[in-house]
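Peer 1: coordinates only, sequence not included:
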């Protein structure tokens, strides 16, 4: 007995209905994107420990930089159309809060390729907050504070993802002489409420000294202060700060170093933010390739905060950096049924960022990686410059965070990577099944991947058949598994393909290319319904 279309339509097949999942994310390190307003550069800031343009020389004339280079809100807003036209619906910007006004004199000296070295470095990146209620002076322009920025970005069709930090502030000890602001935290009125006093963590005295109570008396990351997640005042401080920025238009939070604070802290934090902003989307960074370690942050009882998909990223980099690697390596990290995540479809997927070496792939490798990210489950995030293969393979102090600039943006459309990224990102932006649909793998093997994405809820129903080819030659792949009868339309151009009952679709896919076939119809095929029903039932972690 087959189900009539009207009955089939009643079944829901949904990966996620989180509104934010419709948006692909473009990630900019704001200071390194575009200097839209030179009047806010503060080029003389810092005196003897100046903060602007501090080059780190490398081999063969190469250079990195550990000072401010002038990127600001205006530089992002001026290029909103560039970002939106590529197919992105959201821009993730680095933290906007006030950072120290000098370069750090403690820690280890920065050399080419160094890691966790901060001597001589300025807080250009935004992660060294000293007043989390105050906007960093390098970012706004006249008539363009944060609230105005988010409003004008929305007018351009772009949401704002704000990068937030709660577990640490600025570098706090090891300075030859204490520097102003380093190791200090100020409240919304500018009052000093915490001070490391250039003491090593084990020298702090939280019992006797009120200014030490904000911190744990043990170290964590480099010389950064280690905020005490068990202190209710710490929770109150950060809830208040980030409520302010949400009130001013942040559409989502990316939470830095989420695994350095307890799930109890994040449960309370998320509940209080969402009490004022229901359904507010958040995703955390737990730099850990173990899905069992990072999955716990996504569970409802721990705050229901999504995460960056590091376990999948590990395999994505492996496969697309090395030609003819096996797609099966990626399949092992999808966790579509009974996996470690509350909902795998809400994970933010990526292949590189500011804290790791950029993807070290050929142009074809970037194109293949983008074709995967924008058709498979999850919310894709692309780091600025990856649309042209900018500084590929480079780590933090080897050019990973180098200045991008208007000239590169203006010439980006000439890049093959850009052209193909725009093609697939725009397709996702107009295709509900690719944004929010269940993923049903058919075959991920060798150089090809075949899978369905299916979204069906209420009057909206769409089936997408995705065929990827990362090989150097064209392929013809017959697809018959779970293939529903109907007129399948090639989403990237071409004539509809009519498929009969128990028929086969012959997919022709060029080298390093993708085909997506769409069927805008309710799901009626019995074995497909059965598979989708199982996927719905077992979509998330069986929380108890």
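Peer 2: Arrived safely, thanks for sending. Computed from a predicted model, the values in this text were never measured in an experiment. Numbers count the residues shown, from 1 in each chain.
Peer 1: CA only for contacts and neighbour counts going forward, please
Peer 2: Fine.
Peer 1: Let me know the secondary structure of the most centrally placed residue in the chain.
Peer 2: Centroid-nearest residue in the chain, with Cα atoms, centre = their mean: residue 381, separated by 4.6 Å. Classification of residue 381 by DSSP: H, G, I helix; E, B strand; the rest coil places it in strand.
Peer 1: Not counting residues beside it along the chain, what's closest to it?
Peer 2: Nearest-residue entry for residue 381: residue 25, 4.5 Å, with adjacent residues in sequence omitted and distances by Cα to Cα, 6 or more residues apart in numbering.
Peer 1: all strands for the stretch 401-544 of the chain, in order.
Peer 2: Along the stretch 401-544 of the chain, counting by DSSP state E, counting those that start in this stretch, strands occupy 438-445, 448-457, 460-469, 475-479, 486-490, 497-499, 505-509, 513-519.
Peer 1: any idea how far the second one is from the chain center?
Peer 2: Averaging C-alpha positions (Cα atoms, centre = their mean, to the nearest Å) puts strand 448-457 23 Å from its chain's average.
Peer 1: Then the shortest one?
Peer 2: Mean-position distance between strand 497-499 and its chain equals 38 Å (Cα atoms, centre = their mean).
Peer 1: That one pairs with which strands?
Peer 2: strand 486-490 (antiparallel) (DSSP bridges).
Peer 1: Would you mind giving me the confidence score for residue 161?
Peer 2: Predicted confidence (pLDDT) for residue 161: 98.
Peer 1: Grab the longest helix from the chain for me.
Peer 2: As assigned by DSSP state H, the longest helix anywhere in the chain is helix 232-247.
Peer 1: Which elements pack onto it?
Peer 2: For helix 232-247, the packing partners by 3 or more Cα pairs under 8 Å, 6 or more residues apart in numbering; DSSP states H and E come out as strand 131-135, helix 263-276.
Peer 1: Next SSE downstream of that helix?
Peer 2: As assigned by DSSP states H and E, the chain's next helix or strand after helix 232-247 is strand 252-255.
Peer 1: Which residues does that next one contact?
Peer 2: Strand 252-255 is touched from outside by 92, 160-165, 246, 280-285, with contacts defined as Cα atoms under 8 Å, 6 or more residues apart in numbering.
Peer 1: change it to 10 Å
Peer 2: 20, 90-95, 159-167, 242, 245-246, 266, 279-286, 305-308, 348 (Cα atoms under 10 Å, 6 or more residues apart in numbering).
Peer 1: Selecting buried members of these in PyMOL, what would you type?
Peer 2: Buried subset of the contacts of strand 252-255, written as a PyMOL selection, criterion 16 or more other Cα atoms under 10 Å:
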select buried, resi 20+90+91+92+93+94+95+159+160+161+162+163+164+165+166+167+242+245+246+266+280+281+282+283+284+285+286+305+306+307+308+348
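Peer 1: Mind checking which of the contacts of strand 252-255 land in helices?
Peer 2: Those of the contacts of strand 252-255 mapping onto helices are 242, 245-246, 266, per DSSP H.
Peer 1: Pipe those residues into JSON lines and attach distance to residue 523 and pLDDT per row.
Peer 2: Shown next, in JSON lines, are the ones in helices among the contacts of strand 252-255 (distance: Cα to Cα, whole Å; pLDDT from 0 to 100):
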{"residue": "242", "distance to residue 523": "43", "pLDDT": "98"}
{"residue": "245", "distance to residue 523": "43", "pLDDT": "98"}
{"residue": "246", "distance to residue 523": "39", "pLDDT": "98"}
{"residue": "266", "distance to residue 523": "39", "pLDDT": "98"}
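Peer 1: okay, among these, which ones form the most distant pair?
Peer 2: Among those, the pair separated by the greatest distance (Cα to Cα) is 245 and 266, at 17.5 Å.
Peer 1: who does the residue lying closest to residue 379 once chain neighbours are set aside bridge with?
Peer 2: Nearest in space to residue 379, with sequence neighbours left out and distances taken as Cα to Cα, 6+ apart, is residue 348 at 4.6 Å. For residue 348, the beta-bridge partners are residue 308, residue 379 (DSSP bridges).
Peer 1: Residue 348 contacts residue 376, doesn't it?
Peer 2: No. Taking Cα atoms under 10 Å as the definition, residue 348 is not a contact partner of residue 376, at 11.3 Å.
Peer 1: Low-confidence bits of the chain, can you list those?
Peer 2: Applying pLDDT under 70 to the chain flags the ranges 1-9, 544.
Peer 1: Helices of that one, residue ranges please.
Peer 2: 5-8, 73-77, 80-86, 146-155, 232-247, 263-276, 291-294, 310-321, 328-331, 363-373, 406-411, 416-429, 432-436, 526-537.
Peer 1: Which among these is found nearest to residue 218?
Peer 2: Within these, the stretch nearest residue 218 is helix 232-247; the backing value is 16.3 Å (Cα to Cα).
Peer 1: what's the angle between that closest one and helix 146-155?
Peer 2: Orientation of helix 232-247 against helix 146-155 (axes from the mean of the first three to the mean of the last three Cα atoms, to 10 degrees) gives an angle of 50 degrees.
Peer 1: any idea how far helix 232-247 is from the chain center?
Peer 2: Distance, stretch centre to chain centre, for helix 232-247: 22 Å (Cα atoms, centre = their mean).
Peer 1: Give me the buried positions along it.
Peer 2: Those would be 234-235, 237-243, 245-246, for helix 232-247 by 16+ other Cα under 10 Å.
Peer 1: so can I have TSV of those showing distance to residue 320?
Peer 2: As requested, the buried residues of helix 232-247 are exported to TSV (distance: Cα to Cα, whole Å):
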residue	distance to residue 320
234	42
235	41
237	42
238	39
239	40
240	42
241	40
242	37
243	39
245	37
246	37
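Peer 1: The residue nearest to residue 489 when sequence neighbours are not counted: how many residues sit nearby?
Peer 2: Ranked by Cα to Cα, 6+ apart and with sequence neighbours excluded, the top spatial neighbour of residue 489 is residue 496, at 4.3 Å. Neighbour count of residue 496, defined by other Cα atoms under 10 Å: 15.
Peer 1: and if you look at the one 10 residues further on?
Peer 2: Applying other Cα under 10 Å, we find 13 residues neighbouring residue 506.
Peer 1: partners of it in the sheet?
Peer 2: With DSSP bridges as the criterion, residue 506 is bridged to residue 478.
Peer 1: Could you double-check that it sits in contact with residue 496?
Peer 2: No. If you go by Cα under 10 Å, residue 506 and residue 496 don't touch, sitting 11.9 Å apart.
Peer 1: residues of stretch 164-180 that come out buried?
Peer 2: 164-175, 178-179.
Peer 1: Please apply the same query to stretch 469-484.
Peer 2: Buried residues in stretch 469-484, defined by neighbour count with 16+ other Cα under 10 Å: 469-471, 475, 477, 479, 482-484.
Peer 1: For those, work out which two are farthest apart.
Peer 2: Farthest apart among the buried residues of stretch 469-484 - using Cα to Cα - are 471 and 484, which lie 27.5 Å from each other.
Peer 1: how close does the residue nearest to residue 379 get to residue 286?
Peer 2: According to Cα to Cα, to the nearest Å, residue 348 stands 12 Å off from residue 286.
Peer 1: shared neighbours, these two?
Peer 2: Counting by Cα under 10 Å, 6+ apart, the shared contacts of residue 348 and residue 286 are 307-310.
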